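Enquirer: Need coordinates for the below:
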Amino acid sequence: MLPDSSPHYPVMLNEVIDHVSPNPKNLILDATFGCGGYSKRILELFSKTKIIAFDRDEQVHQYANLIKKKFKNRFEFVNEKFSEIEKIIINKSYKVDHFIFDFGISSFQLDNYKRGFSFKSNAKLDMRMGKNKISAYELVNEASFEDLNNIIKFFGEDKDSKKIAREIEKSRKIKSITTTDELRSVILKAKGNRYFKKDPCTQTFQSIRMVVNQELTEIFKTLSRLVSIAKNETCFTAVTFHSLEDKIVKKIFNYSKETNQNPSRYHPQLNNKKESAFIKTSGKSMKPTESEIKLNPRSRSAKLRFSIKYGDDQLEINRRSLKMEKLFDLEKKYNVE
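Expert: Below is the predicted model of the structure:
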């Protein structure tokens, strides 16, 4: 039993387990531990499997401690951003067989109103997942109109980004926007009295959270480096909840490396060819079943991709090929030392 009253549903748990099941590896790294749903189930099903779990949020210790108590030396928890994984597995000489990622926000973070992630309850504007340099309060009250517009437009994919950014700029000149209710009121004022299929605050809150936590930068930096250093036949499973997250994962999993067979110094270009860096990929992304979405509506936007690395070569994946530098630059701008 998890140590809070709200039910926890690991998204696409059965599909994640299916990719572990055919070959239960010795060492799995759960890069986004959260409430520990994936880790707990894998340890229950595969008696020889060991798991190292990472999470940047200090509050997940309560969940990690329960699993550690039950599975003892088969489970280890590290309270760090997943961008620190490469350094730690190299320092400790871990040979990881399978990396599992569940990107985005955890339900327990969203449900804890004091964290300031949700527009459904009033709290101080925060949205920090852990080990952050700024909070949502600082971003909302200090970012320029142009940056706010771009953040809401590109990260939130909201067509009303300019109206919302303008209203934020106007409101904070009178008084700082300090709470989730105050930000919600500003967004609703900008949106006007129209019908929306989903809450009109969803995309703005999401966009601010992503920049505060440098979510896209963390995903690319981590996944591209781990794919690069991974040994032959290492498995990667990634669950995403946002089109930009999925774009990064898809690009990396479809990466092709240049090979040079019978190299010639006179005509090197004639010998180069593209070769997939992966033995197997999931092709099209997998999505939750209708029954899962009914049980857990938050899973509706999830996509799962799976891939297995081919060869031991270190890969050089060019971030610019994603054509997302403007977004990475925005995250960096508001997360400097």
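Enquirer: residue contacts, the most centrally placed residue in the chain?
Expert: Central residue of the chain (CA atoms, centre = their mean): Phe103, 2.6 Å from the mean position. By CB atoms under 8 Å, 6 or more residues apart in numbering, the contact list for Phe103 reads 32, 215, 219, 238-242, 245. The way it works is simple: take the backbone N, C-alpha and C, and place the C-beta from them, glycine included.
Enquirer: And these, which of them are buried?
Expert: 32, 215, 219, 238-242, 245 (16 or more other CB atoms under 10 Å).
Enquirer: Do you have the helices of the stretch 101-250 of the chain handy? List them.
Expert: 107-111, 136-142, 145-150, 161-174, 180-191, 202-212, 215-229, 243-253 (DSSP state H, counting those that start in this stretch).
Enquirer: residues of stretch 312-320 that come out buried?
Expert: Buried residues in stretch 312-320 (16+ other CB under 10 Å): 315, 317.
Enquirer: Also stretch 229-240?
Expert: Buried-residue list, stretch 229-240, by 16+ other CB under 10 Å: 230, 233-240.
Enquirer: Equivalent analysis for stretch 11-27, please.
Expert: 11-13, 15-17, 19-20, 24-25.
Enquirer: do stretch 283-300 as well
Expert: Buried residues in stretch 283-300 (16+ other CB under 10 Å): 285-288, 292, 296, 299.
Enquirer: what pLDDT, on average, does it get?
Expert: Stretch 283-300 comes out with an average pLDDT of 93.
Enquirer: Also stretch 22-38?
Expert: 88.
Enquirer: what separates that stretch from the chain centre, distance-wise?
Expert: 15 Å (CA atoms, centre = their mean, to the nearest Å).
Enquirer: try stretch 131-147
Expert: 20 Å.
Enquirer: All further residue positions should be reported with the first residue as 540.
Expert: Okay, using 540 as the starting number, the last item reads as stretch 670-686.
Enquirer: start to end distance for it?
Expert: Distance between the two ends of stretch 670-686: 23 Å, counting by CA to CA, to the nearest Å.
Enquirer: Among the buried residues of stretch 768-779, which pair sits farthest apart?
Expert: Within the buried residues of stretch 768-779, Glu772 and Thr779 form the most distant pair, 23.2 Å apart (CB to CB).
Enquirer: need the contact list for Ala816.
Expert: 766, 794-796, 848-850, 852, 854.
Enquirer: Pull the number of nearby residues for Glu696.
Expert: 14 (other CB atoms under 10 Å).
Enquirer: Nearest spatial neighbour of it, chain-adjacent residues omitted?
Expert: Nearest residue to Glu696, sequence neighbours excluded (CB to CB, 6 or more residues apart in numbering): Gln742, at 6.2 Å.
Enquirer: surely that neighbour meets Ile691?
Expert: Yes - with contacts counted by CB atoms under 8 Å, Gln742 reaches Ile691, the gap being 7.0 Å.
Enquirer: Tell me the secondary structure at Lys819.
Expert: strand (DSSP: H, G, I helix; E, B strand; the rest coil).
Enquirer: Check Ser860 too.
Expert: Assignment for Ser860 (three-state DSSP): helix.
Enquirer: Quick check: closest non-adjacent residue to it.
Expert: Lys790 (6.9 Å).
Enquirer: what about the one you found, how many neighbours?
Expert: Neighbours of Lys790 (other CB under 10 Å): 19.
Enquirer: Next, the contact list for Ala675, please.
Expert: 655, 664-667, 722, 747-748, 751.
Enquirer: which among those residues gets closest to Ile606?
Expert: Nearest to Ile606 among those, with distances taken as CB to CB, is Arg667, at 24.2 Å.
Enquirer: thinking the closest one is in contact with Val750, fair?
Expert: No - using CB under 8 Å, Arg667 makes no contact with Val750, being 11.7 Å away.
Enquirer: who has more neighbours, these two?
Expert: Val750 (30 against 20).
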